[in-house]
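> Dropping a prediction and its sequence here:
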Amino acid sequence: MQIYLVGGAVRDQLLGREVKERDYVVVGATIAQMKSLGYTQVGKDFPVFLHPRSKDEHALARTERKQGQGYTGFICDFNPSITLEQDLERRDLTVNAIAQNDQGELIDPYNGRADIENRVLRHVSPAFSEDPLRVLRVARFRARYHELGFTIADETLALMTDIAHSGELAALTPERVWMEWHKALNDGYIDVFIDILFQCNALAVLCPELAKMWREFKPELSTAISFARAHGLDAPCQFAQVINGLDEHARKAFYEHYRVPNQFAELAESLAVHKHVLSQQQWLAAALIKMFNQLDIWRRPHRLDDLVSAYECYACGDFANKALLMNAATAAQQVNAQTYINQGVTGAAIKEALAQGRLTAINSALS
């Protein structure tokens, strides 16, 4: 039984980047042996175990054989005779197919170290084409390591294009596709991620409306995402910049199909709907009160803060009236129903008085 550190931990060590997770492959072991050593089995499709102390994941060495469509249509063999080289061969990219033993020695049968030094993302074997999810993974790695100058090998990009044309992408579950989008958003180069999907024709499958407008929209989005990175703006804010280019029907279809979390969808829709109001040089109180009501800043004041951050990103910091807007919102928020109740106002008249009071407060703040 031999244990090797594999995958992202080895890759990021060689890149001088922080290692966030450590995954191990175990060669020459059985399920019974792992359990007898105190490991806890957690894998369903193939045996993955948690170390009894560190809780790091340890997977039995395995091979895979394509049987059905999509990224789940595989038969796995994890018998003790599977070698380390066989396990590494099934991985997506050479940079992810490097192992390290407990003496710190590297086992690199597919020249991943050379590809790291040359900043190339290259598939390990023709089996790459069997898993459509790898199209999104490679696009994400290309985006993540954009600043390091990584490129995708021509032959790998060609295989990604073949997968996009094969119809296999349609077999991916919406949740799994969104997971890759979410990771790319967190990495901070969502524009690069989308551009790679466009280059291999996967974007036309995953979001055809965005693919149709990508050439024109790309410079605008890249500028906004650069602003977001420079100012530490989060993933929902960046997603709002992406979805902002689509019309209402396409936006809502994207949220629905990919089951986009509310935190992302609400901010994206808020920016798309209200950016025309925020871009005006002068505001009418009626326009602001309508926007404040739609945002429900009375109960959810953070929504306005989030919208302002998203709009500043969209406008690349050109928001001279920001302070005026926030003053108007603060003034309106200070008007409350209790004031009118204390004055003897009752019933439906309270709501009317509250609306008028907020409108008056906004007018005062704008004057």
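The structure has been received and is ready for your questions.

> ok, then the element right after the lengthiest helix in the chain?
Longest helix of the chain, by residue count under DSSP state H: helix 208-230. Sequence order places helix 235-243 as the next helix or strand after helix 208-230, per DSSP states H and E.

> Next, the angle helix 235-243 makes with the helix or strand following that following helix.
Later in the chain than helix 235-243, the nearest helix or strand by DSSP H and E is helix 248-257. Angle of helix 248-257 versus helix 235-243, following axes from the mean of the first three to the mean of the last three Cα atoms, to 10 degrees, is 140 degrees.

> avg pLDDT for helix 248-257?
For helix 248-257, the mean per-residue pLDDT is 97.

> ok, how many other residues are close to D154?
Applying other Cβ atoms under 10 Å, we find 10 residues neighbouring D154. Placement of C-beta: from N, CA and C, glycine included.

> do the same with V27
The number of residues near V27, taken as other Cβ under 10 Å, comes to 19.

> That one pairs with what?
Q2 (DSSP bridges).

> tell me the contacts of it?
1-4, 61, 80, 82-84, 87 (Cβ atoms under 8 Å, 6 or more residues apart in numbering).

> one more time with 7 Å
Counting by Cβ atoms under 7 Å, 6 or more residues apart in numbering, V27 touches 2, 61, 83-84.

> And the residues you listed, which is closest to T346?
A61 (75.7 Å; Cβ to Cβ).

> Touching, the closest one and I82? I think so.
Yes. With contact defined as Cβ atoms under 7 Å, A61 counts as touching I82 (4.2 Å).

> gap between E147 and D187?
10 Å (Cβ to Cβ, to the nearest Å).

> More neighbours: which of those two?
It is D187, of E147 and D187, that has more neighbours when counted by other Cβ under 10 Å, with 17 against 11.

> Quick check: the more buried one touching A143?
Yes. Counting by Cβ under 7 Å, D187 touches A143, with 5.9 Å between them.

> any weak-confidence spans in this protein?
43-45, 66-74 (pLDDT under 70).

> center of it - which residue?
Residue closest to the average C-alpha location in the chain (Cα atoms, centre = their mean): H182, at 1.6 Å.

> same for the host helix or strand of that residue, what does it pack against?
Taking DSSP H and E as the criterion, H182 maps to helix 174-187. If you count contacts as 3 or more Cβ pairs under 7 Å, 6 or more residues apart in numbering; DSSP states H and E, helix 174-187 packs onto helix 133-144, helix 235-243.

> looking at the ones you listed, which is closest to Q294?
helix 235-243 (15.8 Å).

> Work out the gap between that closest one and the centre of the chain.
10 Å (Cα atoms, centre = their mean, to the nearest Å).

> CA atoms only: put it into PDB for me.
Taking C-alpha atoms only, helix 235-243 is exported to PDB below (Å, rounded to 0.1, in the frame of the first residue of the first chain):
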ATOM      1  CA  ALA A 235     -18.800  37.100  -7.200                       C
ATOM      2  CA  PRO A 236     -22.400  38.200  -7.200                       C
ATOM      3  CA  CYS A 237     -21.300  41.700  -8.300                       C
ATOM      4  CA  GLN A 238     -19.200  40.200 -11.100                       C
ATOM      5  CA  PHE A 239     -22.100  37.900 -12.200                       C
ATOM      6  CA  ALA A 240     -24.300  41.000 -12.500                       C
ATOM      7  CA  GLN A 241     -21.800  42.500 -15.000                       C
ATOM      8  CA  VAL A 242     -22.000  39.300 -17.100                       C
ATOM      9  CA  ILE A 243     -25.800  38.900 -17.100                       C
END
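
> re the thing from before, and the longest helix of the chain, what's buried?
Within helix 208-230, the residues scored as buried using 16 or more other Cβ atoms under 10 Å are 209-211, 214, 217, 221-222, 224-225, 227-228.
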